[in-house]
Structure formats: C-alpha cells, structure tokens
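Enquirer: sequence-free structure coming up:
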C-alpha cells in the first residue's frame, strides 16, 4: 500500500474521524459511499499509528454495508487539478501551475512523456513549422537548434522542459473513467496502473475539484474498414508503427492517405529504394514549406494582421502555383475552399511539401485514386486498375479518445472534440478544462495552457483563502499532492 510519506510528506497523526470536521468535505457527508471511501483512505495512510479498534471496524460498527469494493480501491484526494496526458499540452499546463504554486497530479498511460512523439512517429520526422511557433510557454528552444528541429531534438526539448519545471507524471496509469459527481461537486477519476515488470494492475480513484483533459486530438489511430483488407496476405501497418523505409527496399508499398504523414512516408520509402503508390481519394492543399525564404505559416500569420482571410488564401494559392506549378495534373486536386479557411472550418491541415512533389513529378511516387477492394496480393482501384503490392501503410490519421473514458456530453461532442469553437474551447463547467484540441498545433495548445493555468490558479487560491478563514487550525488528513 502506497502511503503519503512515499511522496515526501510525513503522514499527520490525526484521527480519521476528523475528516468530518473539514469544510471542504461538507458535501461529501451527504453521500455515504464517498464518505466511506475517504475514511478508508485515511485508515490506509495511517494504520500504523492507531490503536484498536481500527477505523474500518469503527465504520462497520457505524454503518451496515456489503460492498467489498469500498475498501479494495485506493482513493487519493488531489488538492488541485488532475491532468490527463503528459504530452506537450499537459506539460505546458503543469508548468504554468508550478509557476503559480498550485499542486496537481498528471497521469500518463505510457511509460514516458510525449509518447506520441517518442513511440508513434517515423524517424525522419521534423517539426513542420519554425521552432518559435512550437515552443512551450516559459522555455524557448536552445539557440543552436535548427529552424525545424528533428523528432529527437523535440523530445529532448520536452524532457528538458519537464525537468526545468520539476514535473513528475504518474506513468503507466491509464484513465478508464472520469465522472463529475454532481451532489458532491467533485471529479472522480478512476485509473488502472501496472509496473513495467508485469505486476498486477492496481485500481486507483483520484478525487479532485478540477480536471484538465490533455490527451489531445491524436490519441488513437484511425483504421478504416476497407473491403478485403483482412484477406490481404502482405504486411499492413498504421503510420504510427512505421519507422523507416529500410525494411521496404525493392518492395511495392501502397500508402493510404495523402496528408503530411502520407506524403512524408511516401518520400521516405522512395529514399530507401522502395516503390510507393500513394492513394489520393479526396482533394488536398499542398503548399511549399517556405515562400521566398520565409516560412509559409509565418507569412500567412503576418498577412492576416492586415488582410482578410479570403484574400490571404488567394495569395497563398498564387504563391503555391508560382513555386509548385499546377499540381492537379499529377492527380492532386485542390479543394474549392482556401487552405486557411479549410483549416479553420474543418481542422484539415494543408500539406507542406518537403520534396514529395518532385518525386511525384519524376514518377518515383505513383499517385492513384481511391480503393475499391483488396485481394490476396493486390488492390483494385476505383478506376478499375489493379496494382500488385507487397505491403500497405495506413496514413489515415488519428482521433481523440475522450469519448472512451470521459463521462460528459455537454462540453465535448461525440467525436471527442470540444463543441465550442476556438478560442473558447478551453474551459467547460464544473472545473473541466481542455488543452490540445484547438486544431492549431503546438502554438494553439500553448495559448490555451496559459489561460487554463491562470484560471485554475485563481480558483484554487480563492478557495484556499476561504478555507483558511473558516477553519484556520485544521489540516487535511488525506492523501494530498
């Protein structure tokens, strides 16, 4: 059993029934189930300091119940918010709370920070935007980093960020449910955790007043249902499992998807002497990464300060045509809506070309239409053509996993994204916050993290002042982070 002293604090020698005197738990007393769990926790923390009769025996004498689960799950009161997710968004919120002196717990299902970047990205990946648009609040990139840092450099930056702000996530702890207890006005976050050594899973319930959802837009892979895919005899992987084209030399690989991942995977395969065919089922905006030596994104942001969005879109497409030429003759049809408007309206990011178009022009990468069905060693396309292929890489994107664990429907929609539009999608009701859902990359996540940490700090400090005025002599006798 983990005790409070495990987190660097000495457990106070208070009777667990003092819990009834704390004003912060007055609402809990109205609900027997939660009261019993808290009393059980107090006993678990301090069982070595109490003479008989033990607190559990006292509780059983006071109340009659048969639910053995009351004492099987460890409960933890968090004197601050619980942050779900230790990616860039979660780390940014945690850093802001550290600066404000607000305690918190950050939960991460993987065994490392930024698991998407560390474990589910290809080796050649670099930031698509200049580093100044990707740095987190209060901690710039090192000056010696290139304009577009590599995957390894970005991970090192995040590790330095966590160390700088002394952020220590609870790793290998997966949230299975989070629900707001309306009568008690508290969040109940249930997790399962296990060590890397294969120990039995432990169930923990965190109880808090504020919950920060930082799992982001790309928590889970999207695997489409395609006719005959299960009958295909070759290898089928998602882009999150693709690392390098080294193992595909000389092979015919079908890349399904033409977003930034699909384009870069196709380019990487080509660089490793594979023979990629890229499925382009829908329209796509392809822009040069830089225009006249300046970042395309930076140039667009500058023009938006002075010009309307529709005009900036027109200018971006003119620049793209001047630099890239007419891409439609290569099978890449542009949408009727401009790239910035499409991003704002549907969250669809334009592709920033880093060399893929040149390989398409030279026919080293073949562009093919949609898929009709797979067979054992080939694929039939919607134009009736049949391609013999050895492997398939599904560059079909990612989605939010919020609907699988958050029991809430007012703030989040069924697709796991906030219902409100940017810039008002960072705060819900009852202490619920969301970060990393702006569809505006790291810059959007950073902006929201500042708002969230400042708002939480204000609420937390105001609440602390009220409690000190009401009960200035009492201390909590419950696990506190």
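Expert: Great, that's in hand. If you're wondering where the values come from, they're calculated on a predicted model, not measured in any experiment.

Enquirer: Low-confidence ranges, the protein, go.
Expert: Per-residue confidence for the chain (pLDDT under 70) gives these ranges: 1-72, 194-199, 470-481.

Enquirer: could you pull out the helices for it?
Expert: 32-46, 55-62, 88-100, 115-119, 151-164, 260-271, 296-304, 309-324, 339-346, 356-361, 441-470 (DSSP state H).

Enquirer: Out of the ones you listed, the one nearest residue 240 is which?
Expert: helix 115-119 (8.0 Å; C-beta to C-beta). Yep, even glycine has a C-beta here, placed from its N, CA and C like the rest.

Enquirer: Against which helices or strands is the closest one packed?
Expert: Secondary-structure packing of helix 115-119 (3 or more C-beta pairs under 8 Å, 6 or more residues apart in numbering; DSSP states H and E): helix 151-164.

Enquirer: orientation of the helix it packs on relative to helix 88-100 in degrees?
Expert: 20 degrees (axes from the mean of the first three to the mean of the last three C-alpha atoms, to 10 degrees).

Enquirer: Any idea how far stretch 285-305 is from the middle of the chain?
Expert: Stretch 285-305 sits 27 Å away from the centroid of its parent chain (C-alpha atoms, centre = their mean, to the nearest Å).

Enquirer: Can you give me the end-to-end span of that stretch?
Expert: 22 Å (C-alpha to C-alpha, to the nearest Å).

Enquirer: sorry, back to before: just put the helices of the chain in TSV and tack on mean neighbour count.
Expert: Formatted as TSV, those follow (neighbours: other C-beta atoms under 10 Å):
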stretch	mean neighbour count
helix 32-46	20
helix 55-62	14
helix 88-100	25
helix 115-119	16
helix 151-164	17
helix 260-271	24
helix 296-304	17
helix 309-324	16
helix 339-346	16
helix 356-361	20
helix 441-470	17
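
Enquirer: will you turn these into a markdown table that also has distance to residue 225?
Expert: A markdown table is the format used below for those (distance: least, C-beta to C-beta, whole Å):
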| stretch | distance to residue 225 |
| --- | --- |
| helix 32-46 | 42 |
| helix 55-62 | 51 |
| helix 88-100 | 30 |
| helix 115-119 | 24 |
| helix 151-164 | 30 |
| helix 260-271 | 18 |
| helix 296-304 | 34 |
| helix 309-324 | 34 |
| helix 339-346 | 22 |
| helix 356-361 | 27 |
| helix 441-470 | 29 |
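
Enquirer: Residue 238 is nearest to which of the ones you listed?
Expert: Closest approach to residue 238 among these (C-beta to C-beta): helix 260-271, 9.7 Å.

Enquirer: Which strands and helices lie in contact with that closest one?
Expert: strand 252-256, strand 275-279, strand 351-353, helix 356-361.

Enquirer: could those be laid out in CSV, adding distance to residue 307?
Expert: Rendered in CSV, the data for the helices and strands packed on helix 260-271 read as follows (distance: least, C-beta to C-beta, whole Å):
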stretch, distance to residue 307
strand 252-256, 36
strand 275-279, 34
strand 351-353, 21
helix 356-361, 27
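
Enquirer: Kindly tell me how buried residue 402 is, as a neighbour count.
Expert: 26 (other C-beta atoms under 10 Å).

Enquirer: Might you report the residue contacts of the nearest residue to it once chain neighbours are set aside?
Expert: Excluding its sequence neighbours, the residue lying closest to residue 402 (C-beta to C-beta, 6 or more residues apart in numbering) is residue 416, at 3.9 Å. Contacts of residue 416 were listed using C-beta atoms under 8 Å, 6 or more residues apart in numbering, and they are 219, 399-403.

Enquirer: ranking these by neighbours, who comes first?
Expert: residue 402 (26 neighbours).

Enquirer: Which residues outside stretch 327-346 are in contact with it?
Expert: Applying C-beta under 8 Å, 6+ apart, the contact partners of stretch 327-346 are 258, 280, 283-287, 300, 304, 309-310, 312-314, 316-317, 348-350, 357, 360-361, 367-369, 439.

Enquirer: contacting residues for residue 203?
Expert: Here residue 203 is in contact with 72-74, 190-192 (criterion: C-beta under 8 Å, 6+ apart).

Enquirer: mind redoing it with 7 Å?
Expert: By C-beta atoms under 7 Å, 6 or more residues apart in numbering, the residues touching residue 203 are 73, 190, 192.

Enquirer: So which of the residues you listed is surrounded by the most neighbours?
Expert: Ranking those using other C-beta under 10 Å puts residue 190 first, with 17 neighbours.

Enquirer: And that residue, how far from residue 210?
Expert: Distance of residue 190 to residue 210, computed by C-beta to C-beta, to the nearest Å: 17 Å.

Enquirer: go on, residue 278?
Expert: Where residue 210 is concerned, residue 278 sits at a distance of 44 Å (C-beta to C-beta).

Enquirer: With residue 375 instead?
Expert: For residue 375 relative to residue 210 (C-beta to C-beta), the value is 53 Å.

Enquirer: Just want to know which of those two has more residues nearby.
Expert: residue 210 (22 against 14).

Enquirer: before we move on, the earlier item: out of the contacts of residue 203, who's nearest residue 149?
Expert: Nearest to residue 149 among the contacts of residue 203, counting by C-beta to C-beta, is residue 192 at 34.6 Å.

Enquirer: Relative to residue 178, how far out is the closest residue to the closest one other than its chain neighbours?
Expert: The spatially closest residue to residue 192, leaving aside those adjacent along the chain, is residue 201, at 4.7 Å (C-beta to C-beta, 6+ apart). Per C-beta to C-beta, residue 201 is found 18 Å from residue 178.

Enquirer: just the strands in the stretch 1-150 of the chain please.
Expert: In the stretch 1-150 of the chain, the strands defined using DSSP state E, counting those that start in this stretch lie at 74-77, 81-84, 105-107.

Enquirer: now, of those, which is deepest in the fold?
Expert: Compared across these, strand 81-84 shows the largest average neighbour count, a mean of 28 (mean count of other C-beta atoms under 10 Å).

Enquirer: distance between that one and the chain's centre?
Expert: 13 Å.

Enquirer: What lies in contact with it?
Expert: 90, 93-94, 104-107, 175, 187, 189, 206, 208, 210-215, 456.

Enquirer: Sheet partners, orientation included, of that strand?
Expert: strand 105-107 (parallel), strand 210-213 (parallel) (DSSP bridges).

Enquirer: Kindly present those strands as TSV, with separate columns for distance to residue 238.
Expert: Formatted as TSV, the strands paired with strand 81-84 follow (distance: least, C-beta to C-beta, whole Å):
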stretch	distance to residue 238
strand 105-107	25
strand 210-213	24
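
Enquirer: hmm, back to that, and the contacts of residue 203, which is closest to residue 236?
Expert: The closest of the contacts of residue 203, once distances to residue 236 are taken by C-beta to C-beta, is residue 192, at 29.4 Å.

Enquirer: now stretch 421-429: how far from the chain's centre is it?
Expert: With C-alpha atoms, centre = their mean, you get 16 Å for stretch 421-429.
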